[in-house]
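**Q** quick one, structure for this:
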Amino acid sequence: MRSWMASAALLGLTLAACGPQTPEQAQIANIQDAAGAEADAIESASKNQIGQIRAEAETLSGQAEIANGFEAERLRARAEALQKDAKIVERHADAQVQAVRDRARADVSALKAQ
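**A** Below is the predicted model:
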């Protein structure tokens with residue numbers, strides 16, 4: 001009997017949570033959803049770009065192993081530069097994602113303060 005009552009209470013809470021939202025709750029949900037989608041898009045695009053950069057760096061590193069002298073040195077330098085570039089792209093994307101999340105938190109706070 002207790003189990004049934006606990007289940008009924010949980011169901012009631014679940015249904016209440018799924019019930020109609022206030023306009024403020026709906027706006028907050030929209031802000032958070034939009035920020036999440038934007039952050040996901042930034043992360044996805046940066047992962048693709050970083051993957052391409054790192055693949056190019058790997059190709060150059062492989063070529064450097066085959067090459068001799070100054071050509072090998074030049075290829076290694078370009079590969080290292082590309083690895084650094086990939087790290088910069090990653091840091092930039094992280095900063096953009098953080099800015100999107102910060103903006104969403106600020107918008108939600110402003111909405112709640114009204």
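
**Q** CA only for contacts and neighbour counts going forward, please
**A** Fine.

**Q** and the gap between the residue nearest the centre of the chain and residue 73?
**A** Centroid-nearest residue in the chain, with CA atoms, centre = their mean: residue 43, separated by 3.8 Å. Distance, residue 43 to residue 73, using CA to CA, to the nearest Å: 33 Å.

**Q** do the same with residue 39
**A** Residue 39 is 39 Å from residue 73, by CA to CA.

**Q** and the next element down the chain from the helix or strand where residue 33 lies?
**A** For residue 33, the host element (DSSP states H and E) is helix 23-66. Downstream of helix 23-66, the next assigned helix or strand under DSSP H and E is helix 69-113.

**Q** quick check: angle from that following helix to helix 23-66?
**A** Relative orientation of helix 69-113 and helix 23-66, computed by axes from the mean of the first three to the mean of the last three CA atoms, to 10 degrees: 170 degrees.

**Q** what about helix 69-113, distance to the chain center?
**A** 11 Å (CA atoms, centre = their mean, to the nearest Å).

**Q** list the helices and strands it packs on?
**A** The helices and strands touching helix 69-113, judged by 3 or more CA pairs under 8 Å, 6 or more residues apart in numbering; DSSP states H and E, are helix 23-66.

**Q** what's the average pLDDT for the helix it packs on?
**A** Averaged over helix 23-66, pLDDT sits at 96.

**Q** and that helix, what does it pack onto?
**A** So helix 23-66, by 3+ CA pairs under 8 Å, 6+ apart, packs with helix 69-113.

**Q** neighbour-wise, which of residue 39 and residue 73 wins?
**A** Per other CA atoms under 10 Å, whichever of residue 39 and residue 73 has more neighbours is residue 39, with 20 against 15.

**Q** contacts only, for that one.
**A** Residue 39 makes contact with 96, 97, 100, 101 under the criterion CA atoms under 8 Å, 6 or more residues apart in numbering.

**Q** and the nearest residue to the second one once chain neighbours are set aside, how far from residue 31?
**A** Nearest residue to residue 97, sequence neighbours excluded (CA to CA, 6 or more residues apart in numbering): residue 39, at 5.1 Å. To residue 31, residue 39 is 12 Å away according to CA to CA.

**Q** perfect, that will be all.
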